[in-house]
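> Need a 3D model of the following:
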Amino acid sequence: MQQQDPMCYQAFQANPDTMWNWMSALRDGLGGQFQARTPDGQLCSNGLSRNNSVNRAGAWKRSNVGRSFTVQLYDQASHGADYFRVYVTKQGFNPATQSVGWGNLDLITTTGRYAPAQNISFNVSTSGRTGAHVLFVIWQASHLDQAYMWCSDINIS
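Numbers count the residues shown, from 1 in each chain. Take a look at the predicted model:
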């Protein structure tokens, strides 16, 4: 991992839970106040200091996607969702040098509710963007006021 994905490696070294434990990304009680309670530059960590390593700008390994693609989530605990909000960085944003802030994002998809299930998927369209971007997702779990937020580095072709 150190040679193939140095950014991922540094995040794992800082806190292994950040990379494999969904519960490490959980925030309770936000009441939908994501922007007011999650500062710019801390979106990828869901505002949790223990996960700060994922907020760092740099050469994160990117997944290649088309302008329209499917987000797939495996939820072992079958939480379900009140909704997912999917954002993508604005054209011209440089994930190698910039941390993600609310002003860098455009909301591209808001889903409806999902019943408790382990496999959830939904389609998104990046609206003509190309190149390196960050996909930012908010998952509002339906069983309690629990929110998960995460970033995925993507290359849109």
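> Work out the gap between the helix or strand of the chain with the lowest mean pLDDT and the centre of the chain.
Taking mean pLDDT, DSSP states H and E as the measure, helix 16-20 is the helix or strand of the chain with the lowest mean score, a mean of 84. The chain centroid and the centroid of helix 16-20 are separated by 14 Å, computed with CA atoms, centre = their mean, to the nearest Å.
> what's the following helix or strand after that helix?
Moving toward the C-terminus from helix 16-20, the next helix or strand (DSSP states H and E) is strand 26-28.
> Partner strands of that next one, with direction?
strand 146-156 (antiparallel) (DSSP bridges).
> For stretch 64-79, give me every contacting residue.
For stretch 64-79, contacts defined as CB atoms under 8 Å, 6 or more residues apart in numbering pick out 22, 84, 86, 116-130, 135, 137, 139, 141-143, 146, 154-157. Every C-beta, even on glycine, is put in place using the N, C-alpha and C of the backbone.
> Mark which of those residues are buried, thanks.
22, 84, 86, 120, 124, 126, 129, 135, 137, 139, 141-142, 146, 154, 156 (16 or more other CB atoms under 10 Å).
> Quickly name whichever of these is closest to Gly58.
Ile154 (15.0 Å; CB to CB).
> The lengthiest helix in the chain versus strand 146-156: what angle between them?
Across the chain, the longest stretch assigned as helix under DSSP state H is helix 6-14. Helix 6-14 runs at 150 degrees relative to strand 146-156, counting by axes from the mean of the first three to the mean of the last three CA atoms, to 10 degrees.
> other SSEs contacting helix 6-14?
Helices and strands touching helix 6-14, by 3 or more CB pairs under 8 Å, 6 or more residues apart in numbering; DSSP states H and E, are helix 16-20.
> Can you tell me, leaving aside adjacent residues, what's nearest to Lys61?
Asp5 (4.4 Å; CB to CB, 6 or more residues apart in numbering).
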